[in-house]
Each structure stands twice: as C-alpha cells, then as structure tokens.
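Enquirer: the sequence and its predicted three-dimensional model are supplied below.
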Amino acid sequence: LPEEFLSRYTQLPEELPKRVRELAQEITQDKPDWFEKARELERYFRRAEYTYSQTDVAVPDENEDYVDQFLFDTKQGYCDNFSSSMVVMARSIGLPARWVKG
C-alpha cells in the first residue's frame, strides 16, 4: 500500500495510553497477516466481558481517553464505543482503519 495511505489510516494521537497499544499487540501477536489480526481484534470483543448498552454509557473526564476508558474501565457501551476501539486498536498495530458513522 502507498505510504500516504498507510500514514493517513494508521495515525493516532501521541497521548494514546500505552496500555491500549499493548492490549492490541497482545491480542494479535501470533496472527500471521492483516486479515487474521483484524479478525482476532473483532473476536476479542465477543470473548471478553464487554456489554452492549445504550443507556448509562459513561462519558470520559476531560483528561481521560475515550477508548481507554471503554477498554479498561467501563467495558460497557454502544456501537460507537466498540467501533472506535476496534479502529484505534487496529491502527495501533499498523492496520489501516477508518471510523465512519451513519
């Protein structure tokens, strides 16, 4: 893939908590290719103790990361929480990903 494409769809904020990257790496470390890595991230949300809920979804504090809060603290949310977390974790391991809503 062209470098411009990769850099656009793998960029993340510098302040992304390290444990988000570490979790994605841990989940996908033994997978041989992009497809298997993406599939393993998706499976993680089904196997782990995450709950889908549209009510009482926590909102992060001003200095708290949205994805980090969902992955490690609340483990409860709606489609935006799950999809944002998937995209951030994919990007953190070098998989091009884009979040779209609608």
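Expert: Arrived safely, thanks for sending. Numbering: from 1, shown residues only.
Enquirer: which residue is nearest the middle of the protein?
Expert: Ser85 (2.6 Å; Cα atoms, centre = their mean).
Enquirer: disregarding flanking residues, what is the spatial nearest neighbour of that one?
Expert: Nearest residue to Ser85, sequence neighbours excluded (Cβ to Cβ, 6 or more residues apart in numbering): Val67, at 4.9 Å. Glycine gets a C-beta too; all of them are placed from N, C-alpha and C.
Enquirer: cool, and Val88?
Expert: Spatial nearest neighbour of Val88, chain neighbours left out: Val67 (4.7 Å); criterion: Cβ to Cβ, 6+ apart.
Enquirer: the residue nearest to Ser85 against Met86, yeah?
Expert: No. Using Cβ atoms under 8 Å, Val67 makes no contact with Met86, being 9.4 Å away.
Enquirer: re earlier: I'd like the distance between the residue nearest to Ser85 and Glu14.
Expert: 14 Å (Cβ to Cβ, to the nearest Å).
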